[in-house]
Every structure is written in structure tokens, then in C-alpha cells.
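# next come a sequence and a model predicted from it.
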Amino acid sequence: MTATLLLILTLLWPLLVMLRSPLRMLMEQDALRRPGPRPKLLDIWWASAPLPALALVLWPGETTLVLEGWLLGGVWQLDDARRPWLLFSALLWGLAGIYARGYLMTEQQAAEAGDGDAFRRLAGLALLWPLTLVGNLLLLLAEDIPSFYLGFAVMTFAAYGLVVHADNRDAHLGGRAYLIMALFGEALILGGLLWSAGSADVLTLTALRDGIADAEHGAWMAAILWLGFGVKAGVVGLHVWLPLAHPVAPTPASAVLSGVMIKAGLVGWLSVLPLGDPTAGLEPLGRLVIALGLMSALAAALFGITQRHPKAVLAYSSVSQMGILTALVGIGLIDPALWPALSVAVVLFAAHHGMTKGALFLGVGISEHPPRLPGWLLWPLLVLPAVSLTGALASGLAGKWAFKSVLYEGGHEALVTWLSLAAVGTTLLMARTLWRQWRERGHNAIPLLGTMPLAWLFAIAAATSVPLWLPVVGADSPWPPPDELPSLLWPVGVGLALVGLGFFWLAGITRRRPFVWRLRPGDLWWLYALLARYLGTALKGGAARLEARGMRLRARLVARERAAMVWIDGLPRYERRFRQLAVPLMIGVAVVLLLGFWLG
């Protein structure tokens, strides 16, 4: 009973937190109409939205809640498979919420002092932050398909308000890219779910996976669903919203976007694709998924090192890391026997990436507003999660070994080599991120015991120790044996060597002439926009040509109508002549008829 109440409260409490702000404003509407102080929106109650989810995760045992009157029949549950996802997601949401109270303190003080624009922006954030959290938690806990899709859609569209919070030109550009790609993905997901669930006549995710494996067109169903969830997961070609949305969103929102919400695409794949089922026959799709995953991992690294904004570099790093996870999902499609062991590594690596990327994004705000720490301590703390993400130590080393050991046992050494090259790219991206943070560092120190530094420090501690607290069933010791360290660390060494060569080369170029990177974040987005512009121009031209052709046709019809009217207007003249000749004509006709009868 306690676990069931916690399950209900996990989804109900953020909704109550969300409704608290508009209810307060409704009660104080007379005061809000007058100039003067405004109520505090991002208070401790607002930051407490993920606490019931953390309590549910820590409660021992599994629980299931069946709601017969919810949609087509709701089934919400927490089991061993969902527990690690819920734990690191709720933890990062909680840390980001605490961090946001300090990060947005200046804006909140302006809103409390009577700044209407700041109050409006914060009111939107206070409303949509817990709503996005509700959607995220619902898709993690839902076993029935309607609840799963509802949670995914609520999270997707509510997060748009987090992206455009700054309400400037760049924010609206990022929000537009995010919304267009989200609509494309939602259309594919909804179509794929309706097709596959309808053909199998099922309402739960477990039955859906079996139905896709047995369906005649199961490969097409799986491909559509993979592509739809791939928008959120940042698959190459569909990733363009990430480098446009992350730099413009508030830093705590960027942390949950990259650390948690991007994993919703991966959760979607694991929930609907028949991974590990040898009867599914999805080997062609698996090979395509591996190829696109490797392309994401390598191409994103190459483009990311050209970016100037540290959050844009981190966004491309997320695309690259999700490319690694995409390739591992592809292995689950072509080698089903390997999936039970590989799925454990996927969960560990996803949690490591989520917490570490959250700590890195929060670190960007720390470098802009450094706490009162000596530089010899502050910058090693900023470097620590970056080194972990490269796979050189801590949870990054454990996560890398977790999937590489499985791939070695399955005979996929070639894939390991390609993923090692992706680790070289990760090292370059982390070096670029830290360099840009150093160049754009702030100098106005903030208190060490503020909400921003404390949340950031806790995020670093949690990110570097993921294997120690993540409850993954079936996970053995994730730490590699000493003799495997050279094979795991050589990509980092190569990446650092390339960093040194790059600095030497750029220093030589800068001495001769100024050198400025010109590549804009969003890469293919600008090509898509150009193609859309050309298509719009072509459609306008086609419409203009059709209109001109219609006008010419209309002119010809009008001319013929006028000619017909002229002819009709001339008919009375022939009528008068006919009346004059009517009697002689009738006499003549009678004579002709008589002659005919006489002769006959």
C-alpha cells in the first residue's frame, strides 16, 4: 500500500506543484495588477517536485497500479528494469531544480521587484518545469501504451517552454527547430504505435514487442518507431534541434534536456523494439541502425569541435554519445543472444552519460559564476566529469568496459574499434568545452554554500560514482582488469595528442592572420531551411503560374461570353424578319405539302 501511494504521489505531486503558482497568482490577482513586489515562484516547494519519485525508487520491492478507468486501461509499475532509469532521472531533475533557484536568482529578484517581463518568464518556467517532469516520469513508469505515449508527448511539448525561456531571437530559433522536429517525431511515433498495437490488438508495451516480432510487416513497424524515437535520441539527420536548443535554454534546463530527456528516445527503443528476440528478423534494420549510430558518433565530434559556445559543444557531444548507444541497440537487433548482457551495459552507460552530462552543463554556469573556491580546486572539479565522459576514469571507465567486454565476447571487435575512434572525438570535444569555458569564464564570485555550487558538487559526486549506487540487475563488477586499461585508455591519449597538435597549429595560424571558426550550430538545419525555402518559392511560383493560367482561361471565357451575348443581342433582328416572312413561308409550305400529296 505504501509503495502504491508513493507511485501515485510520484505523478501527482509535480502536478500539485505546477498548479500552485497559478493558484497563488489567482488569489493575489488584485495585487498583481498593481505595480510592486511579486510572489516568489521558484521556492523550495517548486524544487521538491521529484522527491516522491526518489522515495519510490528507494522503497524496496516492486509495485503495480492498474487503473481501469484511465484512458483504455492504465498500468503503471515500478520494477527492476525501470528502477535505474527512474533513479538517475529523478536525481538529476532534483539537482537541476535546486541549481535553477540560484541560477535564476537575479531574474527572480527582478520579478519580485515588479519587473513584468521577468515575472512572466519565470511564471512560464514555474508552470512548465514540473509539467515536463510529470511527462518524463509517466513514460518511465507506464506499461500501457496510451499512458506511455501521453507521458512522452507531454514531456516533449512542455519542454518547448523551457527552450524559449529567454524570449529572444536565438531562443525562438532554437524553439522553432525543437518544435518542428518534435512534431515530425510525434507523428511517426503515433503512427507506428497505432499500426503495431492495432495489428496485434494489444495495449501494453510487453505485448507490443511480441506483436512486432510476430507481425508480417514487423520490420516496417519497427523502422517507423525507431525513426520516431530517434528524433528525441538525436539520430544523425534528426539531431539538428540539439545544438540549437541547448545553448539558448537556461543551463539547468539544458542539463535535464541532455541528461534525461534525450534518453526518452532510448527508453522508447527499449520499450517497443523486440530486442533480444531471435524470431523478429530485424537484422537489416539493425545494420542500418549501427551504421547511423557510428555516423552520429563520429560526425558530431568533428562538427562539435568547431563550435564556440560551450553548451553547443556539449550538445554535439550528446549527439556523439547517443550515437554509441544507438549502435549498441543495433547490436541487439542483429545479435539477439547478446542482448541480455548488453542491455545491462546500455543502462549503465546511459546513466553515466546522463549524470555526467548534467554535471558538465551545470559546470558551464559555474564557470560563468564561479563560487569562492581557489582556481587550483575549481578547475579540477570542472575537468573531472569531462575526463570521466572520455572513459578515462570513474564511471566513464566502468561504462566503457561494460559494453566493450560484451562486444568482445560476441565477436564484434570491429565495432569496438569504431567506438574507440568515437572516444577520441569525445576527448576532443571535452577539451574544446573546457577551453571555451576558460575563455568565457566569469569573475564575480558567488557564495560557496549557495544552491548552485552545492547542486553542482553533488552532481559531480553522483556522476563519478554511478556504478556504486545504480541498481542494475545482472550487473557484475563493472571495473576493468588492469591488463585491459591500455586498450581502454589509448583513445584518450590519442585525443590529447591531437589537442596538443591542434593548439600548436592554431597558434601558428593566429600569428600569421586572425583565424575565426565560421561553422554555425545546427549544421543540417540550415540545409533543411534552405530546401524548405526553395520548396516554398517553388510552390509560390507554381501557384502564381496556376493563377496566371486561370486568369488567361478566365479571360478567354469572358471573351467568349461577350461574343455569345453579342450574338444573343442580335437575335431580335432576325425575329422581326421572320415575322415579316412568316405568312408567305407558311403559304409556301402548304403549297409544297399539297403538291407532295397530289404527286403521291
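Right, received. Where do you want to start?
# distance from stretch 208-226 to the middle of the chain?
23 Å (Cα atoms, centre = their mean, to the nearest Å).
# and for residue 12, the neighbour number?
For residue 12, the neighbour count with other Cβ atoms under 10 Å is 13. Yep, even glycine has a C-beta here, placed from its N, CA and C like the rest.
# mind listing what it touches?
Applying Cβ atoms under 8 Å, 6 or more residues apart in numbering to residue 12 gives no contacts.
# secondary structure element for it?
Using DSSP states H and E, the element containing residue 12 is helix 2-27.
# same thing with residue 77?
Going by DSSP H and E, residue 77 is part of strand 74-78.
# mean confidence (pLDDT) on the helix holding residue 12, please.
The average pLDDT within helix 2-27 is 87.
# before we move on, what about stretch 332-342?
What stretch 332-342 shows for mean pLDDT is 92.
# going forward, begin numbering at 27 instead of 1
Renumbered: residue one is now 27, and that last one reads stretch 358-368.
# in the protein, which helix or strand is least confident?
Ranked by mean pLDDT, DSSP states H and E, the weakest helix or strand in the chain is helix 55-59, scoring a mean of 55.
# leaving out chain neighbours, which residue sits closest to the spatially most central residue of the chain?
Geometric centre of the chain, nearest residue: residue 258, 3.2 Å, by Cα atoms, centre = their mean. Nearest residue to residue 258, sequence neighbours excluded (Cβ to Cβ, 6 or more residues apart in numbering): residue 291, at 3.5 Å.
# so what touches stretch 356-372?
So stretch 356-372 is contacted by 292, 296, 299, 301-304, 306, 308-309, 311-317, 319, 351, 354-355, 425, 428-429, 431-433, 435-436, 438, 441, 498-501 (Cβ under 8 Å, 6+ apart).
# domain-wise, how is the chain divided?
27-300, 308-545, 549-595, 602-626 (automatic domain parsing).
# which one of the ones you listed has the lowest average pLDDT?
Of all those, mean pLDDT reaches its minimum on domain 602-626 (a mean of 75).
# circling back: name the residues that touch whichever helix or strand comes after the least confident helix or strand of the chain?
Next helix or strand after helix 55-59 toward the C-terminus (DSSP H and E): helix 70-73. For helix 70-73, the surrounding residues in contact (Cβ under 8 Å, 6+ apart) are 43, 46-47, 120, 123-124, 126-127, 152, 155-156.
# before we move on, the earlier item: and the residue nearest to residue 258, how many neighbours does it have?
Residue 291: 25 neighbours (other Cβ under 10 Å).
# try residue 136
Using other Cβ under 10 Å, residue 136 is surrounded by 18 other residues.
# ok so, going back, the residue nearest to residue 258: which element?
Residue 291 belongs to helix 289-298, assigned by DSSP H and E.
# off-centre distance for that helix?
On Cα atoms, centre = their mean, the centre of helix 289-298 falls 12 Å from that of its chain.
# then stretch 377-394?
Offset of stretch 377-394 from its chain centre (Cα atoms, centre = their mean): 18 Å.
# all strands of the protein, in order?
In the chain, the strands defined using DSSP state E lie at 89-93, 100-104.
# longest helix of the protein?
helix 550-595 (DSSP state H).
# residues touching residue 385, list them.
411, 482, 485-486, 488-489.
# gap between it and residue 143?
Separation of residue 385 from residue 143 (Cβ to Cβ, to the nearest Å): 31 Å.
# for residue 430, same thing?
For residue 430 relative to residue 143 (Cβ to Cβ), the value is 51 Å.
# who has more neighbours out of the two?
Neighbours were counted for residue 430 and for residue 143 using other Cβ under 10 Å; residue 430 has more, 22 against 11.
# name the nearest residue to the more buried one, ignoring sequence neighbours.
Residue 430 sits nearest to residue 442 (Cβ to Cβ, 6+ apart), 5.5 Å away.
# how many neighbours does the one you found have?
Neighbour count for residue 442, taken as other Cβ under 10 Å: 14.
# before we move on, what about residue 181?
A total of 23 residues lie near residue 181 under the criterion other Cβ under 10 Å.
# how close does it get to residue 113?
Relative to residue 113, residue 181 is positioned 18 Å away (Cβ to Cβ).
# residue 166 too?
10 Å.
# check residue 390 too.
Residue 390 is 25 Å from residue 113, where distance means Cβ to Cβ.
# so between these two, which is more surrounded?
More crowded of residue 390 and residue 113, by other Cβ under 10 Å: residue 390, with 23 against 20.
# so that one makes contact with residue 339?
No: the criterion here is Cβ atoms under 8 Å, and residue 390 misses it with residue 339 at 9.7 Å.
# let me see the contact set for residue 137.
Residue 137 touches 64, 67, 144-145, 147-148, counting by Cβ under 8 Å, 6+ apart.
# got CSV for these, with neighbour count and distance to residue 100 too?
Output for these, formatted as CSV (neighbours: other Cβ atoms under 10 Å; distance: Cβ to Cβ, whole Å):
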residue, neighbour count, distance to residue 100
64, 22, 38
67, 22, 31
144, 19, 39
145, 21, 37
147, 21, 34
148, 23, 33
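# mind picking the two most distant members of those residues?
Taking Cβ to Cβ as the measure, these span a maximum distance of 12.1 Å, between 64 and 147.
# coming back round to it: out of the strands of the chain, nearest to residue 326?
strand 100-104 (33.6 Å).
# so that closest one versus strand 89-93, what angle?
With axes from the mean of the first three to the mean of the last three Cα atoms, to 10 degrees applied, the angle from strand 100-104 to strand 89-93 works out at 170 degrees.
# which strands or helices does strand 100-104 pack on?
helix 28-53, strand 89-93, helix 142-167, helix 171-189 (3 or more Cβ pairs under 8 Å, 6 or more residues apart in numbering; DSSP states H and E).
# at 7 Å instead, please
Here strand 100-104 touches strand 89-93, helix 142-167, going by 3 or more Cβ pairs under 7 Å, 6 or more residues apart in numbering; DSSP states H and E.
# and the ones you listed, which is most packed in?
Among the helices and strands packed on strand 100-104, helix 142-167 has the highest mean neighbour count (mean count of other Cβ atoms under 10 Å), at a mean of 22.
# from the contacts of residue 385, which is closest to residue 345?
For these, the nearest to residue 345 is residue 411 (17.9 Å; Cβ to Cβ).
# and the gap between that closest one and residue 489?
As judged by Cβ to Cβ, residue 411 and residue 489 stand 5 Å apart.
# who has more neighbours, these two?
When residue 411 and residue 489 are compared for neighbours, residue 489 comes out ahead with 30 against 27, by other Cβ under 10 Å.
# got the contact list for that one?
381-382, 385, 411, 414, 421 (Cβ atoms under 7 Å, 6 or more residues apart in numbering).
# please apply the same query to residue 35.
With Cβ under 7 Å, 6+ apart, residue 35 has these contacts: residue 78.
# from residue 160, how far out is it?
Residue 35 is 12 Å from residue 160, by Cβ to Cβ.
# repeat that for residue 350.
29 Å.
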